[in-house]
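Chemist: Can you look at this prediction? I've put the sequence above it.
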Amino acid sequence: MNILLLLVPLALMLLVVAIVAFAWAVRGGQFEDLETPALSILADDEAPPAPPERNDDA
């Protein structure tokens, strides 16, 4: 039963840390735009690499 004297305050401190981290993320704008990051993987921004030049002089 003595372990509860340690575990209950520890659990409450972890809960407070999780709430503070969530509030920090919300205030920082982490949840503002949920669509763009999901669609950015589908965007084809880069041009394909050019094929290597052939050198038939050898």
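Modeler: Right, received. Where do you want to start? Numbers count the residues shown, from 1 in each chain.
Chemist: how about low-confidence regions in the protein?
Modeler: Applying pLDDT under 70 to the chain flags the ranges 45, 57-58.
Chemist: one more time with 90
Modeler: Where the chain drops to pLDDT under 90, the residues are 1, 30-58.
Chemist: Would you map the helices across it?
Modeler: For the chain, the helices defined by DSSP state H cover 4-27, 36-40.
Chemist: Next, format those helices as JSON lines and append distance to A47.
Modeler: (C-beta placed from N, C-alpha, C; glycine too.) JSON lines is the format used below for those (distance: least, Cβ to Cβ, whole Å):
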{"stretch": "helix 4-27", "distance to A47": "35"}
{"stretch": "helix 36-40", "distance to A47": "17"}
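Chemist: want to throw the ones you listed into a markdown table with distance to N55 and mean neighbour count?
Modeler: Shown next, in a markdown table, are these (distance: least, Cβ to Cβ, whole Å; neighbours: other Cβ atoms under 10 Å):
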| stretch | distance to N55 | mean neighbour count |
| --- | --- | --- |
| helix 4-27 | 55 | 10 |
| helix 36-40 | 39 | 9 |
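Chemist: Among these, which comes closest to P51?
Modeler: helix 36-40 (27.4 Å; Cβ to Cβ).
Chemist: Restricting to C-alpha, output that closest one in CSV.
Modeler: The C-alpha trace of helix 36-40 is given here as CSV (Å, rounded to 0.1, in the frame of the first residue of the first chain):
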residue,chain,number,x,y,z
THR,A,36,-2.0,20.0,-46.3
PRO,A,37,0.6,17.7,-44.7
ALA,A,38,-1.5,14.7,-45.8
LEU,A,39,-1.7,15.9,-49.4
SER,A,40,1.9,17.1,-49.6
